[in-house]
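[1] Provide a 3D model corresponding to the input given below.
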Amino acid sequence: MVSSFLWPGVAFGLGNTSRRTCICRAEQGPGLVVLGPPGSGKSHLCKQLAERFGIVHVATDDLIKAHLKYHTEIGEQAEKSLAAGGRVPDSLMIQVVKNRIILQDCVDKGYVLDGIPQNIFQEQFLSEAGITFVRIFMLHAKRNVLEKRLHYRRVDPEDGEIYNLLYLPPMSREVTDRLEQQEEDDEEQIMEQLANYGQEVSALWELIGPRSIAINADRSPADVVKEVSLMIEATGVFDGKLIKGDGVESNGTPEQTAEDAESNGTSKGNGARGTVTIAPGAEKAPITLIRCDGYMCERESVQSSDIKFRGAATEQVMLVWNERPRNVLLLVKKSREIMSTMLEAATYLTQVEQLNVVVEQFVQNEALANGMFLESFSNADSLHREIDLVVCLGGDGLILHASTLFKTAVPPLISFNLGSLGFLTPFDFANFADEMQYVLEGSCLMSLRMRLNGRITRGKGNKSGVLFSRPVPKVLNEVVIDRGSSPNGRITRGKGNKSMKDREFQVLNEVVIDRGSSPYLSNLDCFCDEKYITTVQADGIIMSTPTGSTAYSMSAGGSMVHPSVPAILFTPICPHSLSFRPIVFPDAATLRVDVNVESRSHAWASFDGKFRQLLKRGDGLVVQMSLYPIPTINKTDHTGDWFGSLDRAFHFNNRPEQKPLLDKSGNESEIEIAEENTLTDS
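    Numbers count the residues shown, from 1 in each chain. This next block holds a predicted model:
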């Protein structure tokens, strides 16, 4: 059990599921159900629907795991059944589902149940509870197809994400290398899973068969998502937000068509998909920035509260809230030890400061297990339009994660050090209430930390700066690199000719190109503003922001650069040359690094240490300053915080002071007297 805690005037006990701080309503939101055998792609389909329509993905397995993790009352009951060699009781599963779907977000946005009901008993429990659904989708595929999918199914041990090496591989080689096969996916267990499913679904099918829609899952996941999405849009109930409050039909009978939706005045396909539900009237709080360059200060009202660079990043900026912030994104690193701290922070923000708190999905599930409801989001693309302030509880890695959530404008960010190094986290959580009051009152200083935009180009490069193309795609086992017919090549996953445009990455620390596991040096052609500079023969190259200058670049021999200096650092990794030294480019420069077509091996690109991508011979990487910085709130000012971090994290220039030239009595020593006489004689 997580212990209880108190803020002044606020009491909240954790670990008891009967005590909630959420606003619950007895009315039922519109629901969807996705059923199917193991390996049919239920979870992937549910996640895609949640992102596409902005509904809540109710994954019972994740909810039960959260209860088991924190030893709640439900978790203890489930643990007893599992320890006895059984499974979680049906009544307990339905209780978890009922407790989840009556919460505010499910009522307002709707929800999709992932793989439940699993048998006739769960269906009876749902019917007795009066729970009805708009649509029930039943996925099906041939047994040999399911066996093959389960054989290639893998899980990421870091975040629990499920992948399939053949049909749904990760985009990053970094993730692929750490994937693990689950025990339940060995040959013997696969047969048992499918046999158990066949026994249970036969009776269940008689009950829900007439009310469900059969979906052929023996095709690409994208095709399945497309077909199901069209059927959901035809109901007129879901369109990025709840557009028809009375569109729920008893037990999912497919009655209404697309024509009915149009005649009733409901639109399709033009809603804000995947958005966060914000309280009525709670738009983003407007802000004013006061920019000071050391000579003069200028006040600027920021349109839509989108903080951008308007020139070189040399200014000290003051944040002024024109209206009080309303919506806070609370980010927490994945650690059981920090969960009680997160709940403490969320309770203060919601009950004392009266703010709307939004968290990531995994945090929402664990908070629910501890008796607290917090809003979540299914698609990060809309966060920059709705979030006023980001609060980070963790270390430097969490700030890098926050950068990946915001592709464009980033709200002001305050970070509390609950990690290990904490170079970018100057605030102490022990003073959380005081620091938050200070920030919410406004008039606090910020550093606009420059980000880099990294874009991979697929094609044949040469020293003239011109990119040629190769027409034939190279098919790999896990990733298809489609070089396309233009300089802007494409990366595709899985088999086939369907492709997606090159991904762009927003980077706070650095972009790295290295040789990976190859025994050969990287042979990299370097360009600045389309002008050839040199060919680097080294283990790799680091292109870093000033913020990242104290990370990998510093370890490779680069200089430490103040975060407000407008520059891009270009640091070689172990160059095989005595004359190649780190270079500092202006922030307006556009850098490009191509893998030489005559290089002995390929290279790898990574972005803030993640999203590792293969660069074949002739491929390139374009790096330039992003228009959108990370505005981090200062504890003192940008210089004081930076040198404070150098001292705290690296013990910067910390050594015993040299002793003065005095003897024990305090008089001048004989050496000093001799030196003075020598100077006098000369």
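[2] drop to CA atoms for contacts and neighbour counts, all remaining ones
    Noted.
[3] residues in contact with the closest residue to residue 224 other than its chain neighbours?
    Distance criterion CA to CA, 6 or more residues apart in numbering; nearest residue to residue 224, sequence neighbours excluded, is residue 217 at 6.4 Å. Applying CA atoms under 8 Å, 6 or more residues apart in numbering to residue 217 gives the contacts 40-41, 139-141, 224.
[4] What about the residues you listed, which are in helices?
    Counting by DSSP state H, the contacts of residue 217 place residue 224 in helices.
[5] quick one: which of the contacts of residue 217 is nearest residue 571?
    Distance to residue 571 across the contacts of residue 217 (CA to CA) is lowest for residue 41, with 44.0 Å.
[6] Tell me who's in contact with the closest one.
    217, 221.
[7] Pull the number of nearby residues for residue 579.
    Residue 579 has 7 neighbouring residues, counting by other CA atoms under 10 Å.
[8] actually residue 155, sorry about that
    Neighbour number of residue 155 under other CA under 10 Å is 18.
[9] And the pLDDT for the residue lying closest to it once chain neighbours are set aside?
    Spatial nearest neighbour of residue 155, excluding adjacent residues (CA to CA, 6+ apart): residue 162 at 4.6 Å. In this model, residue 162 is scored at 86, pLDDT.
[10] what does residue 47 give?
    Listed pLDDT for residue 47 reads 91.
[11] Run through who's touching the lengthiest helix in the chain.
    The residue-count maximum for a helix in the chain (DSSP H) belongs to helix 187-208. Outside helix 187-208, the residues within contact range by CA under 8 Å, 6+ apart are 37-38, 118-120, 123, 147, 150-151, 183-184.
[12] With distance to residue 583, secondary structure and neighbour count added, can I get these in JSON lines?
    Formatted as JSON lines, the contacts of helix 187-208 follow (distance: CA to CA, whole Å; DSSP: H, G, I helix; E, B strand; the rest coil; neighbours: other CA atoms under 10 Å):
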{"residue": "37", "distance to residue 583": "57", "secondary structure": "coil", "neighbour count": "22"}
{"residue": "38", "distance to residue 583": "54", "secondary structure": "coil", "neighbour count": "20"}
{"residue": "118", "distance to residue 583": "61", "secondary structure": "coil", "neighbour count": "17"}
{"residue": "119", "distance to residue 583": "65", "secondary structure": "coil", "neighbour count": "18"}
{"residue": "120", "distance to residue 583": "68", "secondary structure": "helix", "neighbour count": "19"}
{"residue": "123", "distance to residue 583": "66", "secondary structure": "helix", "neighbour count": "19"}
{"residue": "147", "distance to residue 583": "54", "secondary structure": "helix", "neighbour count": "21"}
{"residue": "150", "distance to residue 583": "50", "secondary structure": "helix", "neighbour count": "22"}
{"residue": "151", "distance to residue 583": "49", "secondary structure": "helix", "neighbour count": "20"}
{"residue": "183", "distance to residue 583": "50", "secondary structure": "helix", "neighbour count": "10"}
{"residue": "184", "distance to residue 583": "52", "secondary structure": "helix", "neighbour count": "14"}
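[13] Among these, which pair sits farthest apart?
    Farthest pair in those, by CA to CA: 123 and 151, 29.8 Å.
[14] Distance-wise, check residue 319 relative to residue 654.
    Taking CA to CA, to the nearest Å as the measure, residue 319 falls 34 Å from residue 654.
[15] With neighbour numbers in mind, choose between these two.
    With neighbours defined as other CA under 10 Å, residue 319 and residue 654 compare such that residue 319 has more, 20 against 8.
[16] OK, contacts around residue 562?
    Counting by CA under 8 Å, 6+ apart, residue 562 makes contact with 546-547, 639, 642.
[17] Kindly report the same for residue 616.
    When contacts are counted by CA under 8 Å, 6+ apart, residue 616 touches 595, 602-603.
[18] same thing with residue 285?
    Counting by CA under 8 Å, 6+ apart, residue 285 touches 305, 321-326, 388.
[19] same check, this time on residue 106
    By CA under 8 Å, 6+ apart, residue 106 lies in contact with 29-30, 55-56, 100.
[20] Just confirm it is within a helix.
    Yes. Remark: residue 106 belongs to a helix, assigned using DSSP: H, G, I helix; E, B strand; the rest coil.
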